[in-house]
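Undergrad: I need the structure of the sequence given here:
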Amino acid sequence: MTDGATAIPEVQALLRVLAAGRDVAEMGAAYGETAAIMAETARSVVTVERDPERVALARERLAGSKNVELLEGDVWEQLRGRGPFGLVFVDGGLRPVTDERWEAILALVERGGLLVKDDMSPGRPIDGDEIREFLLRAPRLAATEVVVAPGMAVILAALIG
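TA: Modelled structure (predicted):
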């Protein structure tokens, strides 16, 4: 996958479109590249990164982006009580995957808002994959897997209930 460095260009292009006119939360800023791309079209972007070295580089990259707020620390602590957001990009912060964490993520998404989970290997079965099981079977979500490049998919979900 991407080793947590940044989303691939195809995912970035998708996020740029999905972010248009929305308030966005990004879980896993890495070096700020994807946040900067979403900020081109988003109303606002809040992005969180735990690694201090990555935060320093992201802060430099995002210095000219007036609609981006970069937070350092644990994503669960930093985003608690924030939102709702029209788009939540889940690029990090899921391990371990738990229902409690999914509920915390869904609490960030406004009704009708979108959630994108990055770094998925395409075509895997739903059963036995914690991420796919939750996102593709949750009755509150309308979700699908989208292949964005050879060997790379995202799950795109809308909060409907």
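Undergrad: what helix or strand does Glu100 sit in?
TA: According to DSSP states H and E, Glu100 maps onto helix 99-106.
Undergrad: Ala117 in helix, strand or coil?
TA: Slight slip there: residue 117 is Lys, not Ala. strand (DSSP: H, G, I helix; E, B strand; the rest coil).
Undergrad: re the thing from before, kindly export the helix holding Glu100 (C-alpha atoms) in CSV.
TA: The C-alpha coordinates for helix 99-106 follow below in CSV (Å, rounded to 0.1, in the frame of the first residue of the first chain):
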residue,chain,number,x,y,z
ASP,A,99,-16.7,-1.3,16.8
GLU,A,100,-16.1,1.5,19.4
ARG,A,101,-13.6,3.2,17.0
TRP,A,102,-16.1,2.9,14.1
GLU,A,103,-18.8,4.5,16.2
ALA,A,104,-16.4,7.3,17.1
ILE,A,105,-15.7,7.8,13.4
LEU,A,106,-19.3,7.7,12.4
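Undergrad: what does that helix contact?
TA: Outside helix 99-106, the residues that touch it by Cβ atoms under 8 Å, 6 or more residues apart in numbering are 27, 76, 79-80, 88, 90, 93-94, 115, 134, 138, 140, 159. Where C-beta positions appear, they are placed from N, C-alpha and C, glycine not excepted.
Undergrad: and those residues, which of them are buried?
TA: 27, 79, 88, 90, 93-94, 115, 134, 138, 159 (16 or more other Cβ atoms under 10 Å).
Undergrad: strands - which of those land there?
TA: 27, 88, 90, 115, 159 (DSSP state E).
Undergrad: for those, give me JSON lines that also has pLDDT and distance to Val48.
TA: As requested, these are exported to JSON lines (pLDDT from 0 to 100; distance: Cβ to Cβ, whole Å):
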{"residue": "Met27", "pLDDT": "94", "distance to Val48": "6"}
{"residue": "Val88", "pLDDT": "98", "distance to Val48": "11"}
{"residue": "Val90", "pLDDT": "94", "distance to Val48": "11"}
{"residue": "Leu115", "pLDDT": "98", "distance to Val48": "15"}
{"residue": "Leu159", "pLDDT": "98", "distance to Val48": "20"}
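Undergrad: just the residues you listed now: which is nearest Ala42?
TA: Nearest to Ala42 among those: Val88, at 12.0 Å, using Cβ to Cβ.
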